[in-house]
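> This is a predicted model, with the sequence first.
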Amino acid sequence: MTHPSSVLDDTIHQRVRLGILAVLSESRRADFGYLKEILEVTAGNLSQHLAVLEEAGHIQITKGIEEKRTRTWITATRKGRAALALEVATMRALLGGIPSTQRP
Amino acid sequence: MNADEVRESLAFSEYARKRARDDLGRPWVALVLLASLSVVSLSLTDAATSPTALFWVFAGPLGAGAIALYSYRRNRSSGIDSSPLAYVAITVGLLILSYAAGKIGFAFQIPGVARFGPAFIAAAGYFVLAWIERSWMVGAISFALLAVTVAIIGFDLSSQQSKALLFGLYGITLLAVGFSWRVGRKEIL
């Protein structure tokens, strides 16, 4: 019998990566600047997390020129949305199994 | 990993999700536009040869176009983008419903449908908007508009009484939108 925590996906369990997918699950796409502001991370840090998610196939990154400046749009893939839903459900299940005395 | 970490991760994901929803959910322009168009449409129903259906044939696409343009500009400036398919659905919905109201109400001379067709059209528009913008306020307005229209037909209210009710509802809509916009501006500032 496996412990529920073993179902957690290490790729998206990290706090910022979970936040990225949460934002993208609510929208069609979001740009780099928006994610940086909402998640309160540095550009370098965000780039690293995006690269991890892109490599895992959870997001797609599209770069384009808008009004003479580069703009990076990020979209969650179907795999990414499904992974987020599973991750959140697993975390809720884990918390559900914890006695209420341990909750704040 | 302990319970606190899991709880913190869940809370952060909910926070990010809510922020995205809030940033997507500022539908005041669309609401004001649809409410204004509906008010104009209602005021036309007293005309001897009611041009309400014709009004919606032009006002529907123009209104939807204005909403889509607003959405496009807002998305570009805010950095978060909702699906344009929903706005296409509003356009198609408005066209189909305005056509149906005109066809059923005027060609078959059913005054109830002719008079309240626009209210149903506006309610359908609000409902789609509520879905895209994930706004409970817009959803409530949509259902209130439908409920008022059904009540008017059910209680067989006079033209003046029903207009007073619908205008009142549109007034409340505009007030609610103005209030939410003011709150939104305060949050931004």
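That came through, no problem. Numbering: from 1, shown residues only, chains lettered A, B, ... in the order given.
> check contacts around the residue of chain B at minimum distance from chain A.
When scored by Cβ to the nearest Cβ, chain B has B:G79 as its residue closest to chain A, at 3.1 Å. (Glycine included, C-beta is placed from N, CA and C.) Contacts of B:G79 were listed using Cβ atoms under 8 Å, 6 or more residues apart in numbering or on different chains, and they are A:A30, A:D31, A:G33, A:Y34, A:E37.
> what does chain B put close to chain A?
Proximity of chain B to chain A (Cβ under 8 Å from any Cβ of the partner chain) is limited to residues B:1, B:3, B:6-10, B:12-17, B:19-21, B:23-24, B:76, B:78-84, B:134.
> And those residues, which of them are buried?
With neighbours counted by 16 or more other Cβ atoms under 10 Å in any protein chain shown, those contain buried members at B:6-7, B:9-10, B:12-13, B:16-17, B:19-21, B:23-24, B:79-82, B:134.
> Filter the residues you listed down to the ones in helices?
With helices taken from DSSP state H, the overlap with those comprises B:6-7, B:9-10, B:12-13, B:16-17, B:19-21, B:23-24.
> want to try a markdown table for those, with pLDDT as columns?
Output for those, formatted as a markdown table (pLDDT from 0 to 100):
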| residue | pLDDT |
| --- | --- |
| B:V6 | 83 |
| B:R7 | 86 |
| B:S9 | 86 |
| B:L10 | 87 |
| B:F12 | 89 |
| B:S13 | 89 |
| B:A16 | 90 |
| B:R17 | 89 |
| B:R19 | 86 |
| B:A20 | 85 |
| B:R21 | 78 |
| B:D23 | 77 |
| B:L24 | 73 |
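> excluding its backbone neighbours, what's nearest A:L84?
The spatially closest residue to A:L84, leaving aside those adjacent along the chain, is A:L21, at 4.3 Å (Cβ to Cβ, 6 or more residues apart in numbering or on different chains).
> and the gap between the one you found and A:K79?
As defined by Cβ to Cβ, to the nearest Å, A:L21 lies at a distance of 11 Å from A:K79.
> Please apply the same query to A:L8.
For A:L8, the distance to A:K79 - Cβ to Cβ - is 16 Å.
> If you count surrounding residues, which of those two has more?
Neighbours were tallied for A:L8 and for A:K79 using other Cβ atoms under 10 Å in any protein chain shown; the higher tally belongs to A:L8 (18 against 12).
> where does the closest residue to that one other than its chain neighbours land on pLDDT?
Nearest residue to A:L8 in three dimensions, chain neighbours excluded: A:T90, at 5.7 Å (Cβ to Cβ, 6+ apart). The score at A:T90 is 88. That number is its pLDDT.
> repeat for B:Y72
Predicted confidence (pLDDT) for B:Y72: 72.
> Confirm that it sits in a helix.
Yes: remark: B:Y72 belongs to a helix, assigned using DSSP: H, G, I helix; E, B strand; the rest coil.
> Okay, it and B:S78: tell me how far apart.
Counting by Cβ to Cβ, the gap from B:Y72 to B:S78 is 11 Å.
> To which secondary structure element is the residue positioned nearest the centre of chain A assigned?
Within chain A, the residue whose C-alpha comes closest to the C-alpha centroid is A:L21; the distance, by Cα atoms, centre = their mean, is 2.8 Å. A:L21 belongs to helix A:15-25 when elements are defined using DSSP states H and E.
> how far out from the middle of the chain is the helix or strand following that helix?
Counting by DSSP H and E, the next helix or strand C-terminal to helix A:15-25 is strand A:29-31. When C-alpha coordinates are averaged (Cα atoms, centre = their mean, to the nearest Å), strand A:29-31 and its chain have centres 13 Å apart.
> Could you do stretch A:55-65 as well?
Its chain's average C-alpha position is 13 Å from that of stretch A:55-65, according to Cα atoms, centre = their mean.
> tell me the mean pLDDT over that stretch?
Rounded to a whole number, the mean pLDDT of stretch A:55-65 is 92.
> how about the residue of chain A found nearest chain B, what does it touch?
Among the residues of chain A, A:Y34 lies nearest to chain B; the distance is 3.1 Å by Cβ to the nearest Cβ. The neighbourhood of A:Y34, defined by Cβ under 8 Å, 6+ apart, consists of A:V23, B:D23, B:S78, B:G79, B:I80.
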